[in-house]
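> Give me a 3D structure for the following:
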Amino acid sequence: SNKSGMISYAEFCLILQVDPSPQVQKLFSMYDYNSSDLIDASEVLIALANFTGAGKEDKMKFAFLMFDEAGNGMITKSELIKILKANHMARLDAEVARKAETIMAQTSHKEGDGLISFDEFVIVSKKFPNILFPSHDSSKR
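Predicted structure coming up:
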């Protein structure tokens, strides 16, 4: 409601159209990395998109566009880290940073500008399919 991109637990429940409950609170807490009682709405949208019937290419484009904050067709390492956190529901910064380094190394190009284009994003997702979009298939558990 304040256009910050951050949402409270109450707003989270409204968005999901659910009543507050311990289970929903636990889900919210998974994204409240710094225990601020606020979460990044774009991270939640990316994570939820993984559970839709959309194709992988549509999910990639959605994730890329959500985090291309400058709107210049490129994402930075910090924006990539946000995508990884959202997709992996990861709390361990070291794990996310390691994955980001792997991706950045695979997309290093002559400019060395630390930016990833959508085409590079697609190439890396094909090389490392579970880094960007982990499997959420419950039948494999």
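> Can you list the low-confidence ranges for the protein?
1-2, 50-51, 87-91, 108-112, 130-141 (pLDDT under 70).
> ranges for the strands of it?
For the chain, the strands defined by DSSP state E occupy 6-7, 39-40, 74-76, 115-117.
> Is it possible to get the ones you listed out as TSV so that each row also shows mean neighbour count and distance to residue 57?
Quick note: C-beta positions are derived from backbone N, CA and C, even for glycine. Compiled in TSV, those are given as follows (neighbours: other CB atoms under 10 Å; distance: least, CB to CB, whole Å):
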stretch	mean neighbour count	distance to residue 57
strand 6-7	17	28
strand 39-40	20	24
strand 74-76	20	17
strand 115-117	20	15
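> Format the ones you listed as TSV; extra columns: distance to residue 68.
TSV is the format used below for the strands of the chain (distance: least, CB to CB, whole Å):
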stretch	distance to residue 68
strand 6-7	19
strand 39-40	15
strand 74-76	5
strand 115-117	10
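> Helices of this structure, residue ranges please.
Per DSSP state H, the chain has helices spanning 9-16, 22-31, 41-49, 56-67, 77-88, 93-106, 118-127, 129-132. These are given in chain order.
> Which one of these lies nearest to residue 3?
helix 41-49 (10.5 Å; CB to CB).
> Return the list of helices and strands in contact with that closest one.
Secondary-structure packing of helix 41-49 (3 or more CB pairs under 8 Å, 6 or more residues apart in numbering; DSSP states H and E): strand 6-7, helix 9-16, helix 22-31, helix 56-67, helix 77-88.
> Could you list the residues in contact with stretch 8-26?
1, 7, 28, 37-39, 41, 44 (CB atoms under 8 Å, 6 or more residues apart in numbering).
> still on that earlier bit, so which of the helices of the chain is the most packed in?
Mean neighbours per residue, mean count of other CB atoms under 10 Å, is largest over the helices of the chain for helix 77-88, with a mean of 21.
> which helices and strands sit right next to that helix?
Checking 3+ CB pairs under 8 Å, 6+ apart, helix 77-88 ends up next to helix 41-49, helix 56-67, helix 93-106, helix 129-132.
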